[in-house]
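Enquirer: With the input below, show me the fold.
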Amino acid sequence: MDEKEIRQEIAKGRDFMRSPVWSETLTTDQEKKLQQPPLYHEAAEDSQVIALPRDFQRLGLDANLFELLARRKTRRIYSEEALTLPELSFLLWSAQGIKGRRGKSYATLRTVPSGGARHGFECYVDALRVEGLAPGIYHYLAGSHALELRGTQTADQRLASLSEQKWATRAPALFYFSAVPYRFEWRYSIHSHRIALVDLGHVGENLYLAAEALRLGTCGIGAFSQEVCDHILKLDGENEFTVYVQPVGRISQKADQENREETEFYSFVTEESL
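Expert: Numbering: from 1, shown residues only. Presented below is the predicted three-dimensional model:
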């Protein structure tokens with residue numbers, strides 16, 4: 001791209017961020033009385049489904065909100081220690097869990113807010129080291145709070161999916177969030193995509209706070225390979241596609257090592273300041 005093209009793309013991005021004009025003449029699919037899309041994905045036929053534990057009281061969660069907010073930060077240095085299945089269960093429930101329903105099948109009430117209660121995201125986990133769970137890629141079944149085995153990926157695929165960010169591959173669990181656009185579009189039509197990305201921030205922050213409550217670390221990643229992620233998650237890239245990735249791992253107890261590695265990671269800041 002030349003400088004003019006770059007400026008044009010920046011202008012388009014800024015327009016996208018601005019509040020849209022809510023036209024009274026716009027008729028949405030909801031107003032047309034078209035059938036709304038499913039509230040969440042069900043397990044595929046004959047897939048392996050694993051129920052998740054729901055007893056979160058035994059996790060020793062840090063419930064002090066002030067402390068969680070004060071402690072919360074992006075963490076990129078993880079130990080080799082595995083997560084437990086109850087910890088993974090709590091993380092998934094915190095990011096996408098269902099607490100109730102409106103009507104028979106109109107909307108779900110979840111742990112995160114969503115414009116119009118559309119909740120147009122799905123969550124997949126690449127579980128490398130989770131106690132009681134075979135390594136593999138799992139789809140979180142929000143409707144039943146369970147996991148559905150989707151397959152596996154190689155170390156090379158994992159690294160490629162994260163745009164060669166080696167530090168993230170050390171995490172025992174990688175959370176991949178996908179968007180299912182029509183869940184939003186059914187109600188909000190041309191205005192839905194801006195709303196969806198705002199909602200994605202709610203999901204990511206819930207996972208951040210849930211990780212802190214478990215004394216785990218996470219880092220939101222926007223730099224990933226769309227093609228590789230969609231391929232390994234078996235998404236069509238059109239009606240569902242990857243939009244966000246978060247590795248989660250246990251915080252290294254070796255403070256000196258963590259500080260050194262964090263310093264090395266941010267060395268570019270010092271170099272650019274010279």
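Enquirer: ok, then the element right after the lengthiest helix in the chain?
Expert: Ranked by residue count and defined by DSSP state H, the top helix of the chain is helix 192-213. Next helix or strand after helix 192-213 toward the C-terminus (DSSP states H and E): strand 216-218.
Enquirer: wait, Ile232 sits on Gln157?
Expert: Yes - shown here, Ile232 and Gln157 form a contact pair, counting by CB atoms under 8 Å, at 5.6 Å. For glycine as for every other residue, the C-beta is placed from the backbone atoms N, C-alpha and C.
Enquirer: Secondary structure element holding the most centrally placed residue in the chain?
Expert: Centroid-nearest residue in the chain: Phe177, 3.7 Å away (criterion: CA atoms, centre = their mean). Using DSSP H and E, Phe177 maps to strand 173-179.
Enquirer: now that strand and helix 192-213, what's the angle there?
Expert: Note on geometry: by axes from the mean of the first three to the mean of the last three CA atoms, to 10 degrees, strand 173-179 and helix 192-213 are set 160 degrees apart in direction.
Enquirer: Given strand 173-179, what are its sheet partners and their directions?
Expert: Next to strand 173-179 in the sheet, as set by DSSP bridges, lie strand 121-127 (antiparallel), strand 241-250 (antiparallel).
Enquirer: hmm, who's touching the host helix or strand of Thr108?
Expert: Taking DSSP H and E as the definition, Thr108 sits inside strand 107-110. Contacts with strand 107-110, where a contact means CB atoms under 8 Å, 6 or more residues apart in numbering, come from 39-40, 96-102, 116-119, 142.
Enquirer: Tell me which residues of that strand come out buried.
Expert: Buried residues in strand 107-110, defined by neighbour count with 16 or more other CB atoms under 10 Å: Ala107, Thr108, Arg110.
Enquirer: Inside strands: which ones of the contacts of strand 107-110?
Expert: Cross-referencing the contacts of strand 107-110 against strands under DSSP state E gives Ile98, Lys99, Gly100, Arg101, Arg102.
Enquirer: Apply the buried test to those residues and list what passes.
Expert: Ile98.
Enquirer: Quick one: distance of stretch 217-229 to the chain centre.
Expert: On the basis of CA atoms, centre = their mean, to the nearest Å, stretch 217-229 sits 9 Å off its chain's mean C-alpha point.
Enquirer: first vs last residue of that stretch, how far apart are they?
Expert: Using CA to CA, to the nearest Å, the span of stretch 217-229 from its first residue to its last is 22 Å.
Enquirer: Give me the contact list for that stretch.
Expert: Here stretch 217-229 makes contact (CB under 8 Å, 6+ apart) with 74-78, 157, 160-163, 165, 168, 176, 204, 207-208, 211, 235, 237, 241-242, 244-251.
Enquirer: Check stretch 31-39 too.
Expert: Residues outside stretch 31-39 that contact it (CB under 8 Å, 6+ apart): 29-30, 105-108, 119, 143, 180, 182-183, 186-187.
Enquirer: those helices in the stretch 51-200 of the chain, which residues are they?
Expert: 65-71, 85-96, 155-161, 181-188, 192-213 (DSSP state H, counting those that start in this stretch).
Enquirer: wait, which of those is closest to Pro172?
Expert: Between Pro172 and the helices of the stretch 51-200 of the chain, the shortest gap by CB to CB is with helix 85-96, which sits at 9.0 Å.
Enquirer: Can you spell out which helices and strands pack onto the closest one?
Expert: With contacts taken as 3 or more CB pairs under 8 Å, 6 or more residues apart in numbering; DSSP states H and E, helix 85-96 sits against strand 121-127, strand 173-179, helix 192-213.
Enquirer: Identify the residues contacting the second one?
Expert: By CB under 8 Å, 6+ apart, the residues outside strand 173-179 that reach it are 83, 88, 91, 95, 120-130, 158, 161-162, 168, 196, 200, 203-204, 207, 229, 233, 235, 240-249.
Enquirer: Reformat the strands paired with strand 173-179 as a markdown table; add distance to Met1 and mean neighbour count.
Expert: A markdown table is the format used below for the strands paired with strand 173-179 (distance: least, CB to CB, whole Å; neighbours: other CB atoms under 10 Å):
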| stretch | distance to Met1 | mean neighbour count |
| --- | --- | --- |
| strand 121-127 | 30 | 23 |
| strand 241-250 | 23 | 23 |
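Enquirer: and the gap between the nearest residue to Gln253 once chain neighbours are set aside and Arg158?
Expert: Spatial nearest neighbour of Gln253, excluding adjacent residues (CB to CB, 6 or more residues apart in numbering): Ser79 at 6.6 Å. Going from Ser79 to Arg158 by CB to CB, to the nearest Å gives 18 Å.
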